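Q: missing the sequence, but the structure's below:
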């Protein structure tokens, strides 16, 4: 049973820059450069038949390339685990693409997520983050600004169940603008 999600890939320069932001935080599991991405829709653990349906529906999506701007950092989560992320500027094009992925989830019978789409690139997952270290990291990286780029494809990736954070396997890629 694969664990699937769709995502936009980042250019090498952006992944390298973001991977160098690693800070000193106990309990942090930092994402490796090759696994940094912008998740469009987490589909979760699905059967092989549903995975095939998801891939088929995604391959039928026709959309324009999406401009992406990464600016700032933030965190969300609770006491047990905090996600540290690089913020992605929300744009109509990005939200439109994400909505098409959400429609695919509905077509295959998946439930709506329990939170609104917040475009970001996960940098680390931190268990029991010390507030002072997290605050210092966010203060030091809050002015982050990367060169804007255009995403010209999206991908369907799989991960090992229960792990989170990679390594990810490419299941399919769909060009944008063709």
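A: Structure's in. What do you need? Please read all numbers here as calculations on a predicted model, not as lab measurements. Residues are numbered from 1 along each chain as shown.
Q: Tell me the secondary structure at the nearest residue to residue 76 once chain neighbours are set aside.
A: Nearest non-adjacent residue to residue 76, counting by C-beta to C-beta, 6 or more residues apart in numbering: residue 83, 5.6 Å away. All C-beta atoms are positioned from the backbone trio N, CA, C, and that covers glycine. Under DSSP: H, G, I helix; E, B strand; the rest coil, the three-state class of residue 83 is strand.
Q: pretty sure residue 83 is touching residue 125, no?
A: Yes - the pair residue 83 and residue 125 passes the contact test of C-beta atoms under 8 Å, sitting 5.8 Å apart.
Q: name the helices or strands packed onto the lengthiest helix in the chain?
A: As assigned by DSSP state H, the longest helix anywhere in the chain is helix 92-107. Judged by 3 or more C-beta pairs under 8 Å, 6 or more residues apart in numbering; DSSP states H and E, the packing partners of helix 92-107 are strand 37-45, helix 48-59, strand 66-68.
Q: Show me what secondary structure element comes after it.
A: Sequence-wise, the next helix or strand downstream of helix 92-107 (DSSP states H and E) is strand 120-127.
Q: who touches the helix or strand just after that following strand?
A: On the C-terminal side of strand 120-127, the closest following helix or strand by DSSP H and E is helix 131-141. Residues from elsewhere that reach helix 131-141 (C-beta atoms under 8 Å, 6 or more residues apart in numbering): 21, 23-26, 73-75, 82, 84, 126.
Q: what do you get for stretch 142-150?
A: 10-11, 13-14, 17-18, 21, 65-73, 86.
Q: Among those residues, name the ones in strands.
A: Using DSSP state E, 66-68, 70-73, 86 are the members of these that sit in strands.
Q: from those residues, which is closest to residue 98?
A: Residue 98 lies nearest to residue 66 out of those, by C-beta to C-beta, at 9.5 Å.
Q: how far away is that closest one from residue 58?
A: To residue 58, residue 66 is 15 Å away according to C-beta to C-beta, to the nearest Å.
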